[in-house]
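*Asks:* turn this into a model:
(chains A and B)
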Amino acid sequence: MTEPIVNDLTIQAATVNGSGSQTANLVLTRAIFHMGIPVAPKNVFPSNIEGLPTWYQLRITPEGHMARSDKVDILVAFNVATWREDLKTVRPGGAVIHEEAFSTAEARTDVTYYAVPFAKLAKSKIQNDTLRKQLANMIYVGVVAGLLGIPWEAVEHGVRRQFLTKPKAVPVNLDAIKVGYDYWQDNFSKQDPYRLEPMQGVVEGKVLVEGNQAAALGALMGGVTVVAWYPITPSSSLCEYLVAYADRFRVDTATGEKLISVVQAEDELAAVGMAIGAGWAGARAMTSTSGPGISLMAEFSGLAYYAEVPVVIFDIQRIGPSTGLPTRTSQADLGFVYTLSHGDTKHVVLLPGTVEECYELARDAFDYADRFQTPVFVLSDLDLGMNLWMTPEFKYPDKPLDRGKVLSKDDLERLAGEWARYRDVDGDGVTYRTLPGTDHPAAGYFTRGSGHDEMARYTEGADAYARNMDRLSRKLETARHVLPAPLADEAGAPIALIAFGSTHAAVVEARETLAASGKPVDYLRIRALPLSDDVAEFVRRHDHVYVVEQNRDGQLFDLIRLALPAELVGRLRSIRHYNGQPIPAVAITEPLMQLEAVPA
Amino acid sequence: MSTALNRAGLARDAYKGAATTLCAGCGHNSITNHMVKALYELGVEPHLLAKMSGIGCSSKTPAYFVETAHGFNGVHGRMPSLTTGAHLANRQLIMLGVSGDGDTASIGLGQFLHMIRRNVDCTYIIEDNGTYGLTKGQFSATADLGSVQKKGAVNTFQPIDPCAVALALGCSFVARSFSGDGKQVVPLIKAAIAHRGTAILDIISPCVTFNDHDGSTKSYSWVKDHEESIADVSFIPFFEEVHVDYEPGTVRDVQLHDGSHIVLKKLGEDHDPTDRQAAIKVIEEGRAEGHLVTGLLYVDTKMDDFATTEHIPQRPLKDLSQDELRLSRDQFSQFMSEFA
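*Replies:* Residues are numbered from 1 along each chain as shown, chains lettered A, B, ... in the order given. You can find the predicted model right below:
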């Protein structure tokens, strides 16, 4: 046997969708996390309720790398349909736990096999007829625990944590895991190098949160009161978490009244329409969608932009165009969302790169929307939104809610009713609004998506139109200087990376790899559109700047090129990953090294 | 014009809006005048009124009444979603939606149905002329089978009848009227506003430019000749005493949510406005006989409206304080610890 490999391995469980495998995967994840070992799970699932193949990748590294790995060390093969293909993904020297009935004839000889009669064990050892299929998955958790040396105490924690709200389910699941655990002890001796050992100092103070959970909490802390949505993967869980959190935190216990309204709309048109209606009437309002849903919201987004109505729109990106790959991740909505709607339109777009930012930017999006009276898009993606990520605990907000420029009855009295809805009093492009219900004869105005003058009156006047559009540009320019600035990590390297969103995890790892091989690279992470002036300055300080993103066309690359002075454009290069799988670090390091080898 | 002050302390002029830009003689202008009269007589406080609309000739009209109220002229066929959202943000507002036949029965049919399904508390007026005026006279989905276009084309499709559709869905208030029949339109608008739930008021409103010729079933002359009112409608607001001096058996009196009454004096066949199947029947029979049946077709005062179903407080959600909206520090740290 070779040298032990401790706490540095990737487990891939290949199972059948709808069989309860995800619960088993999460128990395993939580057990290992409980040992103080960093975990990075990626769930690769089909658009299907039951029967199609699904994979769960659990990456374990002592450094806490969060990106997907393209190498599998330990395969748990539970799905006969994908067995042969799954076997090919294992790295030489890896371990394969598989159903005994799967044939290993003519299979690879450079991996270690552990054949387990899962089906027979489930039949003979699990007494619960109705839950047998689900519990059968737990048996593999026990085998993996045995194989890697996960203490039973950690397994117990994993089960208890996973069934936090269903404590009754704990014993039956533990019994099933014990079947696998015992089977390992009784039948196998360790033949592979992989081990897990408790760690200290890396995961302390950290929690495991999905981006959509984080965004739901952020929205709640941002004071959302009207939510309208239409179910669509991968955004649905955001609003479902919000419903659950609202039931817990937004019910007036004295009256039973809900201090929030969450409406499942008839489609995405209605969902965004309700949110805009609510934002117009003064609520903190939002919707959340993905894929085709964001296309349907284009017309209303233009209305909210032009009529200047605050609203927060989450787009949890998935692969397009059209239905695309509904359960695969992507960053290909960036260009579309930035100018969503016909006509000259440009939006504020927030780009969280971590789950902590999913929380913070979701929360702050409501302030930006009110402050700039415009739709604010929060662009997350399936990888960030639906996978568990290790994160520091989120911080309690240190600022009060910012409701923007709203004139009250008292304000109007002080102004003797002299105001105009679209008059740029402060020179920042941001005008004052009143809310329906304000008890002053001068409060009312007519909001419209058609041409309007400063008084909000209908006009087709050429000058009034152009003046208003120029002011909207000025408003976005004001916003540009206030939005979250790019985060730079620089040490004077001649080359650099620029990325946004969930690509961050792979960039962090790629930089470590590159630095270790003598090629340190600087890094700038974009967190909002329109782009900050910092981007051009960053590019100016580097010879080559690689823009890394998860779409085919280099959408951020294009936006940066447009924003750069001509003499800097040639410094930009593009690295794109767009197969629906979360980008691994190697998808950055390899093309970067290749392009670096090419003379400029 | 009356200078008398209503219960809001306002003269009738306070309910006027900008000058209309619609064609002279347009039915919609009459409806605007009926709206002014109804809102003035009800004593609606302008700041509590939210005038909502979609796109089309009809949807321009909210600019032509109660100029001091807030209004929102949104996108085509989507007035219901904007209205639903605004209502959820502030239940105190009186939501008054104005739409047209294209805006409702074609591009907006989905939102129309779903608003009814939820029973959102609002008045939904359809200014129904069977034609697309702004785009110069194409048939709309409410145009009757066999109705003739100005240039001679004949409509070959069955109409979508907004009232029949609303009744099929169990809409809590369904009425039809004619823009030229102010005596009926005004009390129906008042009743629709007093009703708590979605009140659909389909008002046939002739387009003088594109659909007022012989062969049209939405022309002034056709409607005048074929209108068959099922009952005389009068509205007694909650702030006035009810004087019923009719002979027993000749009237029906329905009390609405705010204590107002709608009193229906029967004209021909007795119609029970709380009987949904009877309402569907009366529409179908009218159609078979070539009549346009008008009046209060159906009302259900017991159905909960959307905000009630959703347990939203009476005070506006928009007014909730930061302390009510955010988790406390203790709640927050407890919640975070659960992710460990």
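
*Asks:* read off the pLDDT value for the closest residue to residue A:388 other than its chain neighbours.
*Replies:* Once flanking residues are discounted, residue A:388 sits nearest to residue A:208: 4.5 Å by CB to CB, 6 or more residues apart in numbering or on different chains. Glycine gets a C-beta too; all of them are placed from N, C-alpha and C. We have a pLDDT of 97 for residue A:208.

*Asks:* name the element residue A:208 belongs to?
*Replies:* Assigned by DSSP states H and E, residue A:208 belongs to strand A:206-210.

*Asks:* briefly note if whichever helix or strand comes after that strand comes near chain B.
*Replies:* Downstream of strand A:206-210, the next assigned helix or strand under DSSP H and E is helix A:211-221. Yes - judged by CB under 8 Å from any CB of the partner chain, helix A:211-221 comes into contact with chain B at A:213, A:217, A:220, A:221.

*Asks:* CA atoms of helix A:211-221 as CSV?
*Replies:* The C-alpha coordinates for helix A:211-221 follow below in CSV (Å, rounded to 0.1, in the frame of the first residue of the first chain):
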residue,chain,number,x,y,z
GLY,A,211,-26.8,30.2,-1.6
ASN,A,212,-30.6,30.2,-2.0
GLN,A,213,-31.0,29.8,1.8
ALA,A,214,-28.6,32.7,2.3
ALA,A,215,-30.4,34.9,-0.2
ALA,A,216,-33.8,34.1,1.4
LEU,A,217,-32.4,35.2,4.8
GLY,A,218,-30.9,38.2,3.2
ALA,A,219,-34.2,39.2,1.7
LEU,A,220,-35.9,38.8,5.0
MET,A,221,-33.2,41.0,6.7
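
*Asks:* elements contacting that helix?
*Replies:* On a contact count with 3 or more CB pairs under 8 Å, 6 or more residues apart in numbering or on different chains; DSSP states H and E, helix A:211-221 meets helix A:236-249, strand A:311-319, helix A:355-372, strand A:375-381, helix A:382-386.

*Asks:* what's the angle between the third one and strand A:375-381?
*Replies:* Meaning helix A:355-372. 170 degrees (axes from the mean of the first three to the mean of the last three CA atoms, to 10 degrees).

*Asks:* now do the buried residues in helix A:355-372.
*Replies:* Neighbour counts over helix A:355-372 (16 or more other CB atoms under 10 Å in any protein chain shown) mark A:355-372 as buried.

*Asks:* check stretch A:124-135 too.
*Replies:* The neighbour-count check on stretch A:124-135 (16+ other CB under 10 Å) flags A:125, A:126, A:131, A:134, A:135 as buried.

*Asks:* got it, and stretch A:106-125?
*Replies:* For stretch A:106-125, the neighbour count (16+ other CB under 10 Å) marks A:111, A:112, A:113, A:114, A:115, A:116, A:118, A:121, A:122, A:125 as buried.

*Asks:* with secondary structure, pLDDT and distance to chain B added, can I get those in CSV?
*Replies:* Compiled in CSV, those are given as follows (DSSP: H, G, I helix; E, B strand; the rest coil; pLDDT from 0 to 100; distance: CB to the nearest CB, whole Å):
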residue, secondary structure, pLDDT, distance to chain B
A:111, coil, 96, 35
A:112, strand, 96, 34
A:113, strand, 96, 36
A:114, strand, 97, 32
A:115, strand, 96, 36
A:116, strand, 97, 31
A:118, helix, 95, 31
A:121, helix, 95, 32
A:122, helix, 93, 31
A:125, helix, 92, 32
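
*Asks:* report the two of these separated the most.
*Replies:* A:111 and A:125 (27.1 Å; CB to CB).

*Asks:* one step back: among the helices and strands packed on helix A:211-221, which is nearest chain B?
*Replies:* Across the helices and strands packed on helix A:211-221, chain B has its closest neighbour in helix A:236-249 (5.5 Å, CB to the nearest CB).

*Asks:* that closest one: what's the following helix or strand?
*Replies:* strand A:261-264.

*Asks:* and that next one, which strands flank it?
*Replies:* Partner strands for strand A:261-264, per DSSP bridges, with pairing direction: strand A:226-229 (parallel).

*Asks:* how about the residues of the stretch 51-200 of chain A that lie near chain B?
*Replies:* Residues of the stretch 51-200 of chain A lying close to chain B (CB under 8 Å from any CB) are residue A:164.

*Asks:* mind listing the strands for the stretch 51-200 of chain A?
*Replies:* For the stretch 51-200 of chain A, strands defined by DSSP state E, counting those that start in this stretch occupy the ranges A:53-60, A:72-77, A:90-99, A:112-116, A:194-195.
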